[in-house]
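Asks: after the sequence you'll find the predicted model.
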Amino acid sequence: MKKSIVISTAKTKFKALTFQEDLTQNIQKVAELGFDGVELAVRNPKDLDVIQLKEILTRTGLKVSAIGTGQAYGEEGLSFTSASSEIRQKAIDRIKAQIDFAVQIGNPIIIIGLIRGVTSSSIGWEKAWNLALSAVRECAVYGQKEETKLAIEPINRYETDLINTLDEAGRFLEEVGEKNVGILPDTFHMNIEEPSIELSIKKVQDKIIHFHIADSNRWPPKYGHLNFPSILEALKEIGYSGFISAETLPKPNPEEAAILVATWMHTYIQNF
Ligand SMILES: [Mn+2]
């Protein structure tokens, strides 16, 4: 398993991000802390200086583990299940732009989190599910020319009502029917939604392509009440060899959160 941490490429309303702003400096810090990869939360890739980004990645040897896309929902209201077809199209186009961006920076996984939206009363669950299905299918097919992978992230009920559990994500994947779509479990969400984090991981084991960690309170591991040694054991049992990416609150402050995560990862993940 490889060690990664989430950083935002710009200021955002979403608080569970460790470093924000000054991308080059932050990537440098992540590399110095001994991570193998960095996960980038990107609102719109066209706002980024790709050449500068590639330069710092080459210089530090850091891989981009994944690209988080939820800011386009949080900041701009773009979603696959909006009542407006124009907004739905913008959301699809944004993910395609993220795929083009990914191809330029080593082809990391594209995360489909809140960009799928929520089931509003005007749309209804079934229609939202079908809209999300066709949007993900369209983006997946688009990604196949360079073998870019998409990861569906189950998110807890307080943030969306569309795909809360790993089981639902598994069913969604079956209906999408495209081979380059997998699942991204997140321990913070699983703590709220899954009866057993370990069993849920095992049930969808061959579908897991990325993994988020945060403790029960979204602090770095060991600062809440999740049993991480047991969760890591489950990942080891299924032979997971991808990234473990920390998506924690910047608490007690961004610098210290990153150090706490790095210290924990060096102790626990090194052994797997
Ligand atoms: Mn997450």
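Replies: Yep, that arrived. Numbering: from 1, shown residues only.
Asks: can you count the residues close to the residue in the stretch 51-200 of the chain positioned nearest to the ion?
Replies: Closest to the ion within the stretch 51-200 of the chain is residue 186: 3.6 Å, counting by Cβ to the ion. (Glycine included, C-beta is placed from N, CA and C.) Residue 186 has 24 neighbouring residues, counting by other Cβ atoms under 10 Å.
Asks: can you check residue 267 too?
Replies: 11.
Asks: contact partners for it?
Replies: With Cβ atoms under 8 Å, 6 or more residues apart in numbering as the criterion, no residue contacts residue 267.
Asks: stretch 165-178 near the ion at all?
Replies: No - if you take Cβ under 5 Å from the ion as the test, stretch 165-178 misses the ion, and the best it gets is 12.5 Å.
Asks: what's in contact with that stretch?
Replies: So stretch 165-178 is contacted by 129, 132-133, 136-137, 140-141, 144, 152-154, 163, 181-183, 185, 190, 193-194, 200-201, 203-204, 207 (Cβ under 8 Å, 6+ apart).
Asks: quick one on the thing from earlier: so the residue of the stretch 51-200 of the chain closest to the ion bridges to which residues?
Replies: On the basis of DSSP bridges, residue 186 takes part in beta bridges with residue 212.
Asks: residue 212 is in contact with that one, correct?
Replies: Yes - at 3.7 Å, residue 186 counts as touching residue 212 under the criterion of Cβ atoms under 8 Å.
Asks: between the two, which contacts overlap?
Replies: Contacts common to residue 186 and residue 212, judged by Cβ under 8 Å, 6+ apart, are 153, 247.
Asks: first-to-last residue distance for stretch 180-187?
Replies: One end of stretch 180-187 to the other measures 23 Å (Cα to Cα, to the nearest Å).
Asks: could you check how far it is from the centre of its chain?
Replies: Centroid separation for stretch 180-187 versus its chain: 8 Å, with Cα atoms, centre = their mean, to the nearest Å.
Asks: cool, thanks, talk later.
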